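Chemist: could you work out the structure for the sequence below:
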Amino acid sequence: MRIIAGKFKGRRLAAPKGNTVRPTADRVKESVFSILREQVVNANFLDLCAGTGSIGIEALSRGAKHVTFVEREPQCIRVIKRNLAACNLTVARGPVPRAGYQLTTEQHVRLLRCPISKGISQLQRCAPFDIIYFDAPYHAGLYTDSLASLAHANLLCAHGSLLIEHSKQTSLPLTVGELTQDRQETYSNTHVSFYRMRG
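Modeler: Below is the predicted model:
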């Protein structure tokens, strides 16, 4: 597993031992970021169910201004910190900043250790995100409730993109609240569904 492009291109990233985490395949990651293109530059990015942190770190490598990682597993938290350190990135300390708070250059990485539902709740008080990438364990049954929570919490900015990585056996609704699915890409057994705000 590696960083594909940007200022950290070629850096190798660690992954937890065993089969507890399914990192996003490099070809999926490369395709997704090719679709997002310049939208990543200066973005406020949320890596939800971050796992190894590879998606958020790829975003930082490609010019994202700020990335928040949300992950609950202690083993994954250790790996994310290790991968951030490999890129000379440090995690901001202190409470989650409220909307309107200006982040300094030292505060462009934030790591929340908590379940998805709690993370979404905490992040409601922040500025909305330009890009949200949600990659839950395929068979954990988190998609429906989490998508509804994301829609209710209004975490996505008006012109932002919510990307949900899931298996092809998982069907996601075309609309949830103000979110509407406008694109879906297929990579073997992996689908990535793209949502935007309606209107």
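Chemist: residues of the longest helix anywhere in the chain that come out buried?
Modeler: Using DSSP state H to define each element, the chain has its longest helix at helix 74-86. Neighbour-count burial for helix 74-86 flags 76-77, 79-81, 83-84 (criterion: 16 or more other Cβ atoms under 10 Å). The way it works is simple: take the backbone N, C-alpha and C, and place the C-beta from them, glycine included.
Chemist: return the residues in contact with the closest residue to Pro115 other than its chain neighbours.
Modeler: Nearest non-adjacent residue to Pro115, counting by Cβ to Cβ, 6 or more residues apart in numbering: Arg72, 4.9 Å away. Residues in contact with Arg72 (Cβ atoms under 8 Å, 6 or more residues apart in numbering) are 113-116.
Chemist: rebuild those as TSV, extending it with neighbour count, secondary structure and pLDDT.
Modeler: Formatted as TSV, the contacts of Arg72 follow (neighbours: other Cβ atoms under 10 Å; DSSP: H, G, I helix; E, B strand; the rest coil; pLDDT from 0 to 100):
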residue	neighbour count	secondary structure	pLDDT
Arg113	15	strand	94
Cys114	13	coil	94
Pro115	15	coil	93
Ile116	20	helix	92
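Chemist: need these in a markdown table (columns: distance to Ala15).
Modeler: Converted to a markdown table, the contacts of Arg72 look like this (distance: Cβ to Cβ, whole Å):
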| residue | distance to Ala15 |
| --- | --- |
| Arg113 | 18 |
| Cys114 | 21 |
| Pro115 | 21 |
| Ile116 | 20 |
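Chemist: how is the residue nearest the centre of the chain assigned, secondary-structure-wise?
Modeler: By Cα atoms, centre = their mean, the chain has its centre lying nearest to Asp47, at 1.9 Å. Secondary structure, DSSP: H, G, I helix; E, B strand; the rest coil: Asp47 is strand.
Chemist: all set now, cheers.
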